[in-house]
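Enquirer: just coords:
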Ligand SMILES: [Zn+2]
Ligand SMILES: [Zn+2]
């Protein structure tokens, strides 16, 4: 019973990190008694409170290459877009503005008739943009940029609201295989292949297991590059946040925090708060539980995961302490007191060392670890380890263990943030870690 609950949690945890998992699926094959020169389909759009953006789009595979047109008439105005289709999955989309509830009839017209047409994620809908820094509705021209459509309309490609008009399509069967991956930001399942990496909804990323980045190209654009994203200036901050988060996950902190909660009936933050008389250990200022910042005591950067020896600090002193060893931050008298409160031997608090069991775990499967880690986090860990143990070079060990993974991770780690759009911070993981602490 208990085992089962734990399993569920682990599944849930895994599902939040499955942005690199490749899902195999199939297109839907449309065919009829003669070659298809056009496909007509329809959906109802119910307008929310105010005028907004919408779109039509999807992914297509045809047995031969052809020029094609996506066409619709909205409020008496004809909209159309040309695109190419062929025997590799490709994308098409058309954005529009809507100001009333309406029936949208759209048509795909093929210059060369096709024996069949495979579609995946054909969608007509209103755009639900992910949250961003402003309320501004993106300009239609901006949404309709060919290399971002249809992802940028934020349609639900798994919605089932489209009706094929019967006189056009007589049969619907399983079509060509397609590979999908979840976007870490909008959460949609979108295509990555098969075929040339970076061609469909995600930019390629050599160091990732799927060969693709975590976020779809539209989220990347809106979140990172676009004018309505103020976060660009915060790259540095995001980057160090990312490395901290990666370290916490790689050192299995969610599992540690959960097991403390299971054993003690409450979270580590609340336990530590009481243990430190509800005060910042450094300045002795009284703290509410909400104000408590859990400090790792021995630094996370040197592979010490959070545990029951954590220190209760205020935000200011947690920020000052950061990656410092206790011996470099506290007075000898404070170290003694910290030893009494946390139960860690004074000698341990006076030593500057990496966490041996964690280091051994990493070295035992260095290629597997490097594959799981973000390249920049791997690099940061290797640097910290070498600082304490000049003879241990995780990069050398990785190269000896697996030259291909070494090359991929090295390449990704060497890229400057400006060359490679930084990975998105993942607020879900922060929330999850915080929830486990209490
Ligand atoms: Zn996305
Ligand atoms: Zn303080």
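Expert: Noted; the coordinates are in hand. What you see is a predicted model; the values in this text were computed from it and never measured. Ligands and ions are numbered 1, 2, ... in the order given.
Enquirer: Just give me the neighbour total for the closest residue to residue 87 other than its chain neighbours.
Expert: Nearest residue to residue 87, sequence neighbours excluded (C-beta to C-beta, 6 or more residues apart in numbering): residue 63, at 5.9 Å. Any C-beta I mention is one placed from the backbone N, CA and C, and that applies to glycine too. When neighbours are defined as other C-beta atoms under 10 Å, residue 63 has 15 of them.
Enquirer: Spell out which helix or strand contains residue 63, please.
Expert: Residue 63 belongs to no helix or strand when assigned by DSSP states H and E.
Enquirer: Check residue 358 too.
Expert: helix 356-364.
Enquirer: how far is that helix from where the chain is centred?
Expert: Centroid separation between helix 356-364 and its chain, computed with C-alpha atoms, centre = their mean, to the nearest Å, is 27 Å.
Enquirer: May I see the buried residues of that helix?
Expert: 358-359, 362 (16 or more other C-beta atoms under 10 Å).
Enquirer: Packing partners of it?
Expert: helix 394-401 (3 or more C-beta pairs under 8 Å, 6 or more residues apart in numbering; DSSP states H and E).
Enquirer: Would you mark the buried spots in the helix it packs on?
Expert: 394-395, 397-399, 401.
Enquirer: do stretch 383-393 as well
Expert: 384-386.
Enquirer: Equivalent analysis for stretch 336-346, please.
Expert: For stretch 336-346, by 16+ other C-beta under 10 Å, it's 338-339, 341-342, 344.
Enquirer: Same question for stretch 259-267.
Expert: Going by 16+ other C-beta under 10 Å, stretch 259-267 has these buried residues: 260-261, 267.
Enquirer: same thing with stretch 430-438?
Expert: In stretch 430-438, counting by 16+ other C-beta under 10 Å, buried: 432-433, 436-437.
Enquirer: quick one on the thing from earlier: show me the contact partners of the helix holding residue 358.
Expert: With contacts defined as C-beta atoms under 8 Å, 6 or more residues apart in numbering, helix 356-364 is touched by 251, 303-305, 369, 381, 385, 389, 392, 394, 397.
Enquirer: nearest residue to residue 329 other than its sequence neighbours?
Expert: The nearest residue in space to residue 329 (C-beta to C-beta, 6+ apart) is residue 321, at 5.1 Å.
Enquirer: neighbours of the one you found, just the number please.
Expert: 22.
Enquirer: hmm, back to that, so which of the buried residues of stretch 383-393 is the closest to ligand 2?
Expert: residue 384 (25.2 Å; C-beta to the ion).
Enquirer: Helix or strand: which one has that closest one?
Expert: Residue-wise, residue 384 maps onto helix 375-388 under DSSP H and E.
Enquirer: Just want the phi and psi numbers for residue 391.
Expert: Main-chain torsions, residue 391, degrees, to the nearest 10: phi -90, psi -10.
Enquirer: Any figure for the gap between it and residue 359?
Expert: Relative to residue 359, residue 391 is positioned 12 Å away (C-beta to C-beta, to the nearest Å).
Enquirer: sorry, back to before: take the buried residues of stretch 259-267 and lay them out in a markdown table including secondary structure, distance to ligand 1 and pLDDT.
Expert: Shown next, in a markdown table, are the buried residues of stretch 259-267 (DSSP: H, G, I helix; E, B strand; the rest coil; distance: C-beta to the ion, whole Å; pLDDT from 0 to 100):
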| residue | secondary structure | distance to ligand 1 | pLDDT |
| --- | --- | --- | --- |
| 260 | helix | 34 | 94 |
| 261 | helix | 32 | 91 |
| 267 | coil | 32 | 94 |
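Enquirer: of all the residues you listed, which comes closest to ligand 2?
Expert: The nearest one, if we look at the buried residues of stretch 259-267 relative to ligand 2 and count by C-beta to the ion, is residue 267, at 20.8 Å.
Enquirer: Nearest residue to that closest one in space, please, no chain neighbours.
Expert: residue 438 (4.1 Å).
Enquirer: give the contact list for the one you found.
Expert: Contacts of residue 438 by C-beta under 8 Å, 6+ apart are 266-267, 269-270, 289.
Enquirer: got the contact list for the nearest residue to residue 314 once chain neighbours are set aside?
Expert: Leaving aside its sequence neighbours, residue 314 sits nearest to residue 280 (C-beta to C-beta, 6+ apart; 3.9 Å). Residues near residue 280 by C-beta under 8 Å, 6+ apart: 287, 312-314, 317.
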